[in-house]
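J.: got a structure for you, letters missing:
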């Protein structure tokens, strides 16, 4: 299976588990998966806001808010992975979540898995800004991409992700 398919599947798995995680006695497990993905996606939006060359994939120094979001996402993802690897997520819930790609990554380091989820979330948030910018026929307009990213950042309540 290609790395891209695994990355997409891991991100989808985290979202699926987060949605079903609320249905049993350990809601924190599901919330951790949501928190991780949301924090990383918000990190990506801030990158678009603060880095005019974000779509050129030229790195910029992260802001304090980006560092906070990364820390929140990383910590939540570690908790989620610990619970997943320890088997504290009920098997019937695992089966519902189409989890086989995650099982393939079970022997990978937590940092590797979190890196793939981070990459997927950041790419997704950048792609959403790009698509909206394309629909507005404003490709290349840095002011418009910043405005779109700021609106999404506020709409997603990124400042409240904890």
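T.: Everything's here; your move. In this text, all values refer to a predicted model and were calculated from it rather than measured experimentally.
J.: mind checking the SS state of the residue of the chain positioned farthest from its centre?
T.: Distance from the C-alpha centroid of the chain peaks at residue 137, with 26.9 Å (CA atoms, centre = their mean). Secondary structure for residue 137, judged by DSSP: H, G, I helix; E, B strand; the rest coil, is coil.
J.: Which positions within stretch 69-87 qualify as buried?
T.: 69-70, 72-74, 76-81, 83-84 (16 or more other CB atoms under 10 Å). In short, each C-beta sits where N, CA and C put it, glycine included.
J.: Against residue 144, how distant is the residue farthest from the centre of the chain?
T.: Between residue 137 and residue 144 the computed distance is 10 Å (CB to CB, to the nearest Å).
J.: same deal with residue 157?
T.: From residue 157 to residue 144 the distance is 22 Å (CB to CB).
J.: higher neighbour count, these two?
T.: Using other CB atoms under 10 Å, the more surrounded residue of residue 157 and residue 144 is residue 144, with 16 against 10.
J.: Give me the distance between stretch 39-59 and the centre of its chain.
T.: Mean C-alpha position of stretch 39-59 versus that of the full chain (CA atoms, centre = their mean, to the nearest Å) differs by 13 Å.
J.: make that stretch 75-91, sorry
T.: With CA atoms, centre = their mean, you get 16 Å for stretch 75-91.
J.: Next: stretch 74-84.
T.: 13 Å.
J.: Which SSE is immediately downstream of the helix or strand of the chain with the lowest mean pLDDT?
T.: In the chain, no helix or strand scores lower on mean pLDDT, DSSP states H and E than helix 3-20, which sits at a mean of 46. Moving toward the C-terminus from helix 3-20, the next helix or strand (DSSP states H and E) is helix 27-50.
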